[in-house]
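[1] Show me the folded form of this:
(chains A, B and C)
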Amino acid sequence: MELSDSVVDYLRQVAGLPDLSGTRYELEREIGRGGLGVVYAARDQQLNRRVALKVFDFPMPQEAQLIAQLEHPAIVPIYEAGTLPDGRSFYAMKLVRGTRLDHYLARSPYLAERLRVIGRVAEAIAFAHARGVIHRDLKPQNVMVGEFGEVYVMDWGVDAVAGTPAFRAPESKLDRRSDIYALGILLRFVLPKPQPAALRAIALKAMMPDAGKRYQTVNEFLADIERFQEGLAVEAWTEPLWHRMRRFGSRNGVLLWLFGAYATVKFLLFFLRHL
Amino acid sequence: MSKIWVGLVFGLVLGAIDGATAWFTPEARPLIGGILVGSSIKGMIVGLLSGWFAVKVHSIKWGIAVGASLGLLFALLVALMQKNHYLEIMLPGFVLGGVIGFLTQRLGTPGVPQAIRPEAGRERMR
Amino acid sequence: MDTDTGIGGKTGQFPSTDLSLLAATHDEFPNQALERIVALYWKPVYRFIRVKFRKSNEDAKDLTQGFFSTALERDFFQKFVSSRAPFRTYLRMAVVRFAANHRAAEMRQKRGGDVEFEPLQEELFAAHSAEDVFEREWRRQLFSLALDDLRAHCRAGGKDLQLRIFEEYDLDRSKHSSYAELAAGLGITEVSVTNHLAWARRMLRALVTDRLREVTSNDGELRHEVRRLWS
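    Residues are numbered from 1 along each chain as shown, chains lettered A, B, ... in the order given. Reported below is the predicted structural model:
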């Protein structure tokens, strides 16, 4: 007898679930699909806490071992890695309660807040680069903003072939500068409309098709953003004179007002004397 | 550069500039040399005191207020000595004092506060 | 009622005339792989043709046979380039082209006489559901073949109990048996039911993946298909 559609769907569901028998985890529900694996919410029965389990259909990428060693506030800590009875590899990590970046932006946060999030992401990327780990698939869906404003970068080290083409650098061999490319796209993604010219220039520099023309390190990218935040000229943009004067004025508004008051007083006194 | 030095330098420069503007008053031109020196010293004193205040209190608003007040006070003293040109001396002195107060707040390093200087600590331990 | 053919069904059998064609024409291409490809795709292609081109059972069978015969003659499988599209999509598009050429030939034969034009609108609606039909049928066939593999594996390995539990709990959904009921009926503990069921599901998943591996050309395509299947 032929299998019915409902039986096929049911088998897809039950055979697709991870087999957690013999592990300390109890499956709760699927919470997302990212990279090369499926993420489930589960309960760690030994420590009585909820965790996220990422289950891979294929042997875990080697870099996952490196990622497990990364300890950074913006990198979700990994508690355990191993192989399930059904042969699939997994790792258990902190269950992050928060909002994906693309959804978070729908709340229209201020520019300062958007740049804060980008800064946290970039710091995590810089930290990982210093330890030889490349993200390869950085995009808004892989950034979470927690309920207290903490920022997490997820889905490390997976093959970017599985990722979104729009965020993937044009070069075929991905390296750190590919992550910088993705940071540029991420920056452009979070910028409000109209986009400040200096920030758009920073994003465009990070997104140069020629990797040699981008920022060569994440710290250079971060430094330019910090310069913008402090009202200084950014390296990515040769600003026109009127913009430089406006920036000077906004940084030194009080001083200009005081000098203006002094000049006005002097002028008025001169004028009154000669009436 | 410490805030006190910032006050002294800007007080000197701005005081000299303020004194130099007396050239536009014909009757003051013969005395321009003395006016320049006096105005510069006045500026330096205002700058010194504003700088000292800026070390103790970090507030742009209060820095401007204290600088302006000091500028007004010393300008009044100068005007009393002249017994003339009260408005021409006090009003610019008031505003320039505010400028010096702002600059001492914005620029310069506050220096090491008293409480954590090693010498102070050693004295207490004795 | 024009019922579907039983050809290409659960056991993966296909008309014996094609077996000799497979054996004879493509020595450099593994015959077993070709057999298993055709076993997986025969029924989905047949159903696709029935829905998309509104063919009767017999016409659809003939067309399906004709497609696979032609495909084997023209090295269709060897020409597949995995970077362009999944094999499933490549095959489906080839079926459409084949059927269209076949229909054009039919129309040429009819020219000069009463020419029948199938309404275009109906075909457009059919086109949308035909792809769904192809996908569903492909999945059904994939699981059917994997279940056959599972049964063969269990019988060969003396895992009849595991197979029985799996078939009663997961395949016969009408009974809605609980673990406790199954355990009581078989005289074993609930924990044993849980473990045996988990084993059978693991095996099924592995066998489905094996079947998929046979019809994909590289790891990347396999991962893509696995991800699609279990989503």
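[2] Would you mind listing the residues in contact with the residue most central in space within chain A?
    Centroid check for chain A by CA atoms, centre = their mean gives A:V121 as the closest residue, at 4.1 Å. Residues in contact with A:V121 (CB atoms under 8 Å, 6 or more residues apart in numbering or on different chains) are A:A74, A:L138, A:V143, A:V151, A:V153, A:L183, A:L186. In this view, the C-beta of every residue, glycine as well, is placed from N, C-alpha and C.
[3] Pipe the residues you listed into TSV and attach distance to B:Y86 and secondary structure per row.
    Supplementary listing: the contacts of A:V121 in TSV, determined by distance: CB to CB, whole Å; DSSP: H, G, I helix; E, B strand; the rest coil:
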residue	distance to B:Y86	secondary structure
A:A74	63	coil
A:L138	67	coil
A:V143	64	strand
A:V151	60	strand
A:V153	66	strand
A:L183	62	helix
A:L186	62	helix
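[4] quick check, nearest of those residues to chain C?
    Nearest to chain C out of the contacts of A:V121 is A:L138 (CB to the nearest CB; 20.1 Å).
[5] picking that back up, out of the contacts of A:V121, which is most surrounded?
    Among these, the one with the most neighbours (other CB atoms under 10 Å in any protein chain shown) is A:L138, at 30 neighbours.
[6] interface residues of chain B facing chain A?
    B:21, B:24-25, B:60, B:64, B:87-88, B:91-92, B:95-96, B:98-99, B:102-103, B:106 (CB under 8 Å from any CB of the partner chain).
[7] Tell me which two in those residues are the farthest apart.
    The distance between the two most remote of these (CB to CB) is 32.7 Å, for B:T25 and B:I60.
[8] Compare the two (neighbour count), which wins?
    Each of B:T25 and B:I60 has its neighbours counted (other CB under 10 Å); B:T25 has more, 16 against 13.
[9] Looks like the more buried one contacts A:L272 (just checking).
    No: applying CB atoms under 8 Å, one finds B:T25 not in contact with A:L272, separated by 12.0 Å.
[10] Helix or strand: which one has the residue lying closest to C:K52 once chain neighbours are set aside?
    Leaving aside its chain neighbours, C:K52 sits nearest to C:A130 (3.5 Å; criterion: CB to CB, 6 or more residues apart in numbering or on different chains). For C:A130, the element it lies in under DSSP states H and E is helix C:120-157.
[11] Now do that helix: distance to the chain's middle.
    The chain centroid and the centroid of helix C:120-157 are separated by 4 Å, computed with CA atoms, centre = their mean, to the nearest Å.
[12] what's the answer for stretch A:174-186, then?
    With CA atoms, centre = their mean as the basis, stretch A:174-186 stands 11 Å off its chain's centre.
[13] what about that stretch, average pLDDT?
    The pLDDT scores in stretch A:174-186 average 94.
[14] Say whether chain C is contacted by it.
    No: applying CB under 8 Å from any CB, one finds stretch A:174-186 separated from chain C by no less than 15.4 Å.
[15] Could you pull out the buried residues of the longest helix along chain B?
    Longest helix of chain B, by residue count under DSSP state H: helix B:32-56. Residues of helix B:32-56 classed as buried by neighbour count (16 or more other CB atoms under 10 Å in any protein chain shown): B:35-36, B:38-55.
[16] Then stretch A:8-17?
    The neighbour-count check on stretch A:8-17 (16+ other CB under 10 Å) flags A:V8, A:L11, A:R12, A:V14, A:A15, A:G16, A:L17 as buried.
[17] what's the answer for stretch A:32-51, then?
    A:G34, A:G35, A:L36, A:G37, A:V38, A:V39, A:Y40, A:A42, A:R43, A:D44, A:V51.
[18] overlap between those and the residues near chain C?
    Near chain C, judged by CB under 8 Å from any CB, the entries from the buried residues of stretch A:32-51 are A:L36, A:V38.
[19] I'd like to know which of the residues of chain B next to chain A are buried.
    With neighbours counted by 16+ other CB under 10 Å, the residues of chain B next to chain A contain buried members at B:T21, B:T25, B:I64, B:E88, B:L91, B:P92, B:V95, B:L96, B:G98, B:V99, B:F102, B:L103.
[20] Narrow those residues to those in helices?
    Mapping these onto helices (DSSP H) picks out B:I64, B:E88, B:L91, B:P92, B:V95, B:L96, B:G98, B:V99, B:F102, B:L103.
[21] For B:A75, see how far away the third one is.
    Per CB to CB, to the nearest Å, B:L91 is found 8 Å from B:A75.
[22] got it, and the last one?
    Per CB to CB, B:L103 is found 18 Å from B:A75.
[23] Let's see stretch C:87-103 as PDB, backbone CA atoms only.
    Provided in PDB are the C-alpha atoms of stretch C:87-103 (Å, rounded to 0.1, in the frame of the first residue of the first chain):
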ATOM      1  CA  PHE C  87      19.100  17.100 -10.000                       C
ATOM      2  CA  ARG C  88      15.400  17.000  -9.200                       C
ATOM      3  CA  THR C  89      14.800  20.300 -10.900                       C
ATOM      4  CA  TYR C  90      17.000  19.400 -13.800                       C
ATOM      5  CA  LEU C  91      15.100  16.200 -14.400                       C
ATOM      6  CA  ARG C  92      11.700  17.800 -14.100                       C
ATOM      7  CA  MET C  93      12.600  20.500 -16.700                       C
ATOM      8  CA  ALA C  94      13.800  17.800 -19.000                       C
ATOM      9  CA  VAL C  95      10.500  16.000 -18.600                       C
ATOM     10  CA  VAL C  96       8.600  19.100 -19.500                       C
ATOM     11  CA  ARG C  97      10.800  19.600 -22.700                       C
ATOM     12  CA  PHE C  98      10.400  15.900 -23.600                       C
ATOM     13  CA  ALA C  99       6.700  16.000 -23.200                       C
ATOM     14  CA  ALA C 100       6.400  19.300 -25.100                       C
ATOM     15  CA  ASN C 101       8.400  17.900 -28.000                       C
ATOM     16  CA  HIS C 102       6.300  14.700 -27.900                       C
ATOM     17  CA  ARG C 103       3.200  16.800 -28.100                       C
END
